[in-house]
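Chemist: Predicted model and sequence below, questions to follow.
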Amino acid sequence: MRKSGWLRKEGNTQILVWAELGLTVAACAVAFLCPRVGEGWFRAVEQGFAGLARRRRLAVLVVGVVAIAARIAVLPILPVPQPNIADEYSFLLAAQTFAHGRLTNPTPPMWQHLETLHVLEKPSYMSMYPPAQGLFLAAGLVTAGTAFAGVLLSVGLMCAAICWMLQGWFPPGWALLGGLLAVLRFDIFNYWANSYWGGAVAAFGGALLLGALPRLLKRERVRDAAWMGVGLAILANSRPYEGLIFSLPVAAVLLVWLWKKRGASLENALRRVVLPLTLVLAIAGAGMGFYFWRVTGSPFEMPQELARRTHAVAPYFLWQSPRPVPVYRIEALRNFYLHHEMSFYRESRTPLGLAGVELGRCLDFWFFFLGPALTLPLLLAPAAMPHGQPWGGLGPPARFLVVAAAVFMAGLAVEVFFFPHYAAPATGLVLALVIGAMRRLRAWEWHGRPTGRFVTRAVPLVCLLMVAIRVAAVPLHISITPRWPPTSYNSLPAHSSWVKVNRQLESYPGKQLVIVQYSQKAKCRSCFVYNGPDPPQAKVVWAWNMGPAENEKLIQCYKNRRVWLLDVFEQPAVLIPYTPAASLRGQSEIPPAARQKLRPKLEPRGGRPLK
């Protein structure tokens, strides 16, 4: 939950964004000046892909395999990611819980010391997030021993499902092109494929939903109704609110379609579409209710709803008022919920601040989902419309896609916070709009020149060149920044301090207990207290410093462990043997001079600076 980096004062020049813009401008210039450049080469490539595109199932499979293989191929320059923020650790907690065959975990002893962001401690101990992302990560843990395998599976299914979805809206060749664009833009160097945040799972569900719609309208098949139900179930368990908004236009079309049917045709639609769809949704709803009941104690209360009510003050939607301030036992949680989130919410309450928030949201969306390359066909497509009737020149399918996009963007606009994976359900929709624009441009000529045809060829070429440039960035000494705005190529290897310290402690003999001294200087999204599904049995337990008296209770509870203090009050952080005196560092009753004298006395007894 952050403001758009584009609007920050810190200055963040994205070299690769300018590179993509330059390539796009150059392609546009060639399209108008000499669009027949490379005609023979482009035609040969298109003919080669046409044979694959006609074999629809094989095309879907190839796109999915290419997505996974492409990400594996760049492991030497972008290795398996380390979790780096609280959201990722929360999802990994869910994954580890599911991998152990459980839906949730009992509240750990001394849970007040173990509280952390985005995790429920009471009435059970579990991630607050919907379970779909955790289930995919758990599949990776079970089958390959690493949650990253679940990430690969999710991006592979996402790209394959997008290709399948586009086959329902466009001819096979265009659908294959859209699937490959999904690989180039939402895989490889995209943060969805390089973190444990998610995004690909919700995009997978949205593609199934949107791909089933035209198939059901043409042929009333049970399997397509089942795929629609599966898509809705995935959305409900990954991005519930955004999935609901995304499904509204689809539901409206289906209701109108049913309303027009009469007699035997209506009976057939109810039997082959409504019944299987309802059955899948009933099973999914029952499963969700059971999961909610196990985690929160109520089949009607989502874990995320309970967690926000317990800890958060800022609401999710612009029209809502802040909640009463709860009692915070941990300063890190107070800082995140009461200052980080609330400062952003307060900014959105002023007209000027709200305008900045919405502008930042639009820029983040544009950088991530479109960028200069995919924007080019959308800008030029109106030129290929019949003169004076841009809306009338669109067929009913294209008009539906435009309306669905408008409804979805309106739904996003009322949320207080935004990350690109919030909009993941509409990934396939975005590519459908781009492919529709490219298809319309294909036959467009400017002063007798095949300008539109070259544009449709240049767009995937620019995307491919950007991947090549990103691969060559290190040997070419191109500086890549992982900061916002998010793009399809700015992911860098994540180096987590928590992972480093945890591995260090796991290498020591015996069990370890780490008491974390919080600092206002520490990043609010890197709180350092993260534990697995069974803390009492874990090799390393992480806990907050709550003062000598409370810490002593914690130490007595988690007996026979070597106790450490992770001192992050000053940078660099230092891991030192725990003493009651050391735990007072940073407390208001200790003057700054005394804090400075305390460090050299402790470090010789085993302090290890964290670099």
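Modeler: Received it, and whenever you're ready, just let me know what you need.
Chemist: Need the residues that contact stretch 59-72.
Modeler: 52-53, 152-153, 155-160, 162-164, 167, 172, 175-176, 179-180, 182-183, 187-188, 193 (Cβ atoms under 8 Å, 6 or more residues apart in numbering). Where you see a C-beta, it was placed from the backbone N, CA and C, and this is true even at glycine.
Chemist: Mind checking the pLDDT average for it?
Modeler: On average, the pLDDT along stretch 59-72 is 97.
Chemist: cool, stretch 545-554 as well?
Modeler: Here stretch 545-554 scores 93 as its mean pLDDT.
Chemist: Likewise for stretch 130-145?
Modeler: For stretch 130-145, mean pLDDT is 97.
Chemist: Got a quick PyMOL command for the buried subset of the contacts of stretch 59-72?
Modeler: Listed next is the PyMOL selection for buried residues among the contacts of stretch 59-72, using 16 or more other Cβ atoms under 10 Å:
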select buried, resi 53+152+153+155+156+157+158+159+160+162+163+164+167+172+175+176+179+180+182+183+187+188+193
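Chemist: what bits of the protein have low per-residue confidence?
Modeler: Residue ranges of the chain with pLDDT under 70: 1-13, 387-393, 481-485, 519-526, 568-573, 585-611.
Chemist: Measure how buried Leu370 is and give me the count.
Modeler: Other residues within reach of Leu370, judged by other Cβ atoms under 10 Å, total 18.
Chemist: For Glu20, see how far away it is.
Modeler: To Glu20, Leu370 is 11 Å away according to Cβ to Cβ, to the nearest Å.
Chemist: what do you get for Leu380?
Modeler: Distance, Leu380 to Glu20, using Cβ to Cβ: 17 Å.
Chemist: do the same with Gly448
Modeler: Taken as Cβ to Cβ, the span from Gly448 to Glu20 is 30 Å.
Chemist: quick one, which of the two is more surrounded?
Modeler: Taking other Cβ under 10 Å, Gly448 and Glu20 do not tie; Glu20 has more neighbours (23 against 6).
Chemist: wait, isn't the more buried one in contact with Thr375?
Modeler: No. Here Glu20 lies out of contact with Thr375, judged by Cβ atoms under 8 Å, at a distance of 10.1 Å.
Chemist: Quick check: which element contains Phe91?
Modeler: If you go by DSSP states H and E, Phe91 is part of helix 86-99.
Chemist: which strands and helices sit next to that helix?
Modeler: strand 126-127, helix 132-144, helix 147-167 (3 or more Cβ pairs under 8 Å, 6 or more residues apart in numbering; DSSP states H and E).
Chemist: next helix or strand past it?
Modeler: Using DSSP H and E, the helix or strand that follows helix 86-99 in sequence is helix 111-114.
Chemist: That following helix packs against which elements?
Modeler: strand 540-544, helix 548-557.
Chemist: can you rerun that using 10 Å?
Modeler: Secondary-structure packing of helix 111-114 (3 or more Cβ pairs under 10 Å, 6 or more residues apart in numbering; DSSP states H and E): strand 511-517, strand 540-544, helix 548-557.
Chemist: Highest mean neighbour count out of the ones you listed?
Modeler: Comparing those by mean neighbour count (mean count of other Cβ atoms under 10 Å), strand 540-544 ranks first with a mean of 25.
Chemist: Now do stretch 550-567: distance from first to last residue.
Modeler: Start to finish, the residues bounding stretch 550-567 are 17 Å apart (Cα to Cα, to the nearest Å).
Chemist: Please state the offset of that stretch from the chain centre?
Modeler: Distance of stretch 550-567 from the chain centroid (Cα atoms, centre = their mean, to the nearest Å) equals 36 Å.
Chemist: With stretch 547-557 instead?
Modeler: The answer for stretch 547-557 is 38 Å, by Cα atoms, centre = their mean.
Chemist: Identify the residues contacting it?
Modeler: The contact list for stretch 547-557 (Cβ atoms under 10 Å, 6 or more residues apart in numbering) reads 108-110, 112-114, 329, 513, 515, 536, 541, 543-546, 561, 563, 565, 578-584, 587.
Chemist: Check those for burial and list the buried ones.
Modeler: If you count burial by 16+ other Cβ under 10 Å, the buried members of the contacts of stretch 547-557 come out as 108, 110, 113-114, 513, 515, 541, 543-546, 561, 563, 565, 578, 582-584.
Chemist: now the strands: where do they sit in the stretch 301-450 of the chain?
Modeler: For the stretch 301-450 of the chain, strands defined by DSSP state E, counting those that start in this stretch do not occur.
Chemist: So Leu258 sits against Leu266, correct?
Modeler: Yes. If you go by Cβ atoms under 10 Å, Leu258 and Leu266 touch, sitting 7.1 Å apart.
Chemist: domain parsing for the protein?
Modeler: Residue ranges for the domains of the chain, per automatic domain parsing: 1-80+161-198+350-385+392-494, 497-609.
Chemist: List the residues that contact Leu513.
Modeler: Here Leu513 is in contact with 113, 505, 535, 538, 540-543, 551, 554-555, 557-565, 578 (criterion: Cβ under 10 Å, 6+ apart).
Chemist: thought Gln96 was touching Leu135?
Modeler: No. Look at Gln96 against Leu135 with Cβ under 10 Å: they stay out of range, at 11.9 Å.
Chemist: For His344, give its distance to Leu354.
Modeler: Small correction: residue 344 is Phe, not His. Phe344 is 11 Å from Leu354, where distance means Cβ to Cβ.
Chemist: Settle it for me: which of these two has more neighbours?
Modeler: More neighbours surround Phe344 than the other of Phe344 and Leu354, with 17 against 14 (other Cβ under 10 Å).
Chemist: what is in contact with Leu258 and Leu266 at once?
Modeler: The contact lists of Leu258 and Leu266 share Val274, where a contact means Cβ under 10 Å, 6+ apart.
Chemist: sorry, back to before: residues of the helix holding Phe91 that come out buried?
Modeler: 86-99.
Chemist: could I get these as CSV with distance to Ala26?
Modeler: Below are the buried residues of helix 86-99 laid out as CSV (distance: Cβ to Cβ, whole Å):
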residue, distance to Ala26
Ala86, 42
Asp87, 38
Glu88, 38
Tyr89, 43
Ser90, 44
Phe91, 41
Leu92, 43
Leu93, 47
Ala94, 46
Ala95, 44
Gln96, 48
Thr97, 51
Phe98, 48
Ala99, 49
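Chemist: and the two most separated of those?
Modeler: For the buried residues of helix 86-99, the maximum inter-member distance is 20.2 Å, found between Ala86 and Ala99 (Cβ to Cβ).
Chemist: which residues sit in contact with His421?
Modeler: Neighbouring residues of His421 by Cβ under 10 Å, 6+ apart: 87, 133, 191-192, 195, 197-203, 238-239, 242, 368, 427, 486.
Chemist: For Leu184, see how far away Ala161 is.
Modeler: For Ala161 relative to Leu184 (Cβ to Cβ), the value is 16 Å.
Chemist: In which helix or strand does the nearest residue to Gln167 once chain neighbours are set aside reside?
Modeler: Residue nearest to Gln167 in three dimensions, not counting chain neighbours: Ala175, with 4.1 Å by Cβ to Cβ, 6 or more residues apart in numbering. Using DSSP H and E, Ala175 sits in helix 172-186.
Chemist: so what does the next helix or strand after that helix touch, helix or strand wise?
Modeler: Sequence-wise, the next helix or strand downstream of helix 172-186 (DSSP H and E) is helix 200-218. Judged by 3+ Cβ pairs under 10 Å, 6+ apart, the packing partners of helix 200-218 are helix 132-144, helix 147-167, helix 172-186, helix 222-236, helix 240-259, helix 396-413, helix 427-441.
Chemist: among those helices, which is the most enclosed?
Modeler: Comparing these by mean neighbour count (mean count of other Cβ under 10 Å), helix 147-167 ranks first with a mean of 27.
Chemist: and it, what does it pack onto?
Modeler: Judged by 3+ Cβ pairs under 10 Å, 6+ apart, helix 147-167 is in contact with helix 56-73, helix 86-99, helix 132-144, helix 172-186, helix 200-218, helix 222-236, helix 427-441.
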